[in-house]
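# what's the 3D shape of this:
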Amino acid sequence: MLRVLHIISDTNIGGAGRHLVTFLEHYDRTKLAVWVLCPPASLLLEQCAAAGVETYTSPYLAGDQSFSWHGLAGLFREVSAIIKERRFDIVHTHASFSGRLAARAAGVPRIVYTKHRVDWDAPRGWIKKHSIALLNSLTSHRVIAVSQTVKEDLLLNGVPEEKIALIYNGINVSNFKEQARMGNPKSAIEIGKNRVVGIVARLEPEKGHRYFLEAAAMVLERLEDVLFLVVGAGSLASELAETAQRLGISGRVIFTGYQDNIAQLIAMMDVMVIPSLTEAFGISMIEGMCLAKPCVASAVGGLAEIAGVDGRDAFLVPPGDPGAVAGKVVFLLKNPDVAHAVGQRAAEKVEKRFTARIMADKITDLYYKL
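Numbering: from 1, shown residues only. Sure thing, here's the model as predicted:
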């Protein structure tokens, strides 16, 4: 049995945190013994406990501490002490460069890290590219890319292809479907007989909410019985509410704020839209497809990978094109048989390619091949 320590610097549960929790809930406990090191105020502590995984905490992982010499020295001491106590075979970090350095300094036999995002705005100069390649060669034995898009970004940054393993994110399909059946959010959200088009994403510029609202205004020019559901919180909350007001559609848009009943809310939707300008993978799209919802997604990054051929398992549109989004949404709402067929194929794809068990088994296999 391999002994593995996961190091993650997240205090909130974002993409990396959700990925880790999913792994912790599904890895084979006859093959691995797993611990987690995270900041003391991390929301992951409760999730790890629920998964039955023992945790360590370090204040040197939080915020700017992990990037200071003082923080790095403190992390070195703590990781070394933990490794001496547990004698780990593998340290697996989640984009924590300081964690990888500490593990290397502590003499861990094998180091893995998962790249959860694409550095879209990173310069591609020779110095940066080869500096990153050198640092990755020194601090890791294998790099997991969560999508082909992330893998290509790693290759552009000079990471040798033989060091990269492509392992897609996954979700607990049966659990997500069960959550979707719990309760009835329609009783709390006044839907009536309206059809629902929704988006589930942080309210941040790269998620494309502006184009979702502009598309909503176009849809409402052609169809009256449609409500638009915006699920999530973020820095653009006030601005987006003002945008809906300016477009004259505020009465047809519901901003839910942060919600933890995502599955139930997606279950309410007739069409799900993912209008991101950039996306390394697209967990929310997988969640929508899992519930057999027809998805309209930007043809970027991991979203295009998940969709595959346009119109088969999902519909693709150019990023930043509200007219294209509106056209696909109207088509799906006017053609429920097509929407149903696309949704069913989408659900089948998730079962075959994007389950939590597939992800956890592939990561475990990677450990054993190191």
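
# dump stretch 23-34 to CSV, restricted to CA.
Once non-C-alpha atoms are left out, stretch 23-34 reads as follows in CSV (Å, rounded to 0.1, in the frame of the first residue of the first chain):
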residue,chain,number,x,y,z
PHE,A,23,-10.6,11.9,-5.2
LEU,A,24,-10.7,11.4,-1.4
GLU,A,25,-14.3,10.1,-1.6
HIS,A,26,-13.5,7.6,-4.3
TYR,A,27,-9.9,6.2,-4.1
ASP,A,28,-9.3,2.5,-3.4
ARG,A,29,-8.4,2.2,0.3
THR,A,30,-6.9,-1.2,-0.3
LYS,A,31,-4.2,0.4,-2.5
LEU,A,32,-3.6,3.8,-0.9
ALA,A,33,-3.3,5.5,2.6
VAL,A,34,-3.9,9.2,2.1
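
# surely Tyr168 forms part of a helix?
No. Read with DSSP: H, G, I helix; E, B strand; the rest coil, Tyr168 is coil and lies in no helix.

# isn't it right up against Ser147?
Yes. Using CB atoms under 8 Å, Tyr168 is in contact with Ser147, at 6.5 Å. Where you see a C-beta, it was placed from the backbone N, CA and C, and this is true even at glycine.

# for stretch 314-324, what is the distance to the chain centroid?
20 Å (CA atoms, centre = their mean, to the nearest Å).

# quick one: contacts of that stretch?
208, 211-212, 214-215, 218, 275-277, 285, 289, 294-300, 303-304, 306-308, 310, 325, 328, 332, 342, 346 (CB atoms under 8 Å, 6 or more residues apart in numbering).

# after the helix or strand of the chain with the lowest mean pLDDT, which helix or strand is next?
Lowest on mean pLDDT, DSSP states H and E among the helices and strands of the chain sits helix 126-139, with a mean of 65. For helix 126-139, the succeeding helix or strand toward the C-terminus, using DSSP states H and E, is strand 142-145.

# helices and strands around that next one, which ones?
Where contact means 3 or more CB pairs under 8 Å, 6 or more residues apart in numbering; DSSP states H and E, strand 142-145 is packed against strand 110-115, helix 148-156, strand 164-166, helix 356-369.

# how is this protein partitioned into domains?
2-170+355-369, 174-353 (automatic domain parsing).

# export those domains to CSV and tack on mean neighbour count?
As requested, the domains of the chain are exported to CSV (neighbours: other CB atoms under 10 Å):
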stretch, mean neighbour count
domain 2-170+355-369, 18
domain 174-353, 19
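
# out of the ones you listed, which gets the lowest mean score?
Looking at these, the lowest mean pLDDT belongs to domain 2-170+355-369 (a mean of 85).

# now do that one: distance from first to last residue.
12 Å (CA to CA, to the nearest Å).

# phi, psi of Glu214?
phi -60, psi -40 (degrees, to the nearest 10).

# doesn't Gly248 make contact with it?
No. Contact criterion CB under 8 Å: Glu214 and Gly248 do not qualify, at 11.8 Å.

# list the contacts of whichever strand or helix holds His340.
If you go by DSSP H and E, His340 is part of helix 336-353. Residues from elsewhere that reach helix 336-353 (CB under 8 Å, 6+ apart): 168, 171, 173, 270-271, 286, 288-295, 308, 311-315, 331-333.

# between that helix and helix 356-369, how many degrees?
30 degrees (axes from the mean of the first three to the mean of the last three CA atoms, to 10 degrees).

# and the closest residue to Val21 other than its chain neighbours, what is it in contact with?
The shortest distance from Val21 to any non-neighbouring residue, by CB to CB, 6 or more residues apart in numbering, is to Gln47 (4.6 Å). By CB under 8 Å, 6+ apart, the contact list for Gln47 reads 13, 17, 21, 24.

# and the strand or helix carrying Ala16, what does it pack onto?
In this assignment (DSSP H and E), Ala16 forms part of helix 15-26. Using 3+ CB pairs under 8 Å, 6+ apart as the contact test, the elements touching helix 15-26 are strand 32-38, helix 44-50, helix 356-369.

# present the ones you listed as TSV; the columns should include distance to Thr256.
Compiled in TSV, the helices and strands packed on helix 15-26 are given as follows (distance: least, CB to CB, whole Å):
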stretch	distance to Thr256
strand 32-38	28
helix 44-50	22
helix 356-369	25
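
# those: which one's closest to Phe76?
When those are compared by CB to CB, strand 32-38 sits nearest Phe76, at 12.7 Å.

# contact partners of the closest one?
1-10, 20, 24, 27, 44-45, 48, 53-58, 61, 78-79, 82, 86, 88, 99, 364, 367.

# what about that strand, distance to the chain center?
The answer for strand 32-38 is 21 Å, by CA atoms, centre = their mean.
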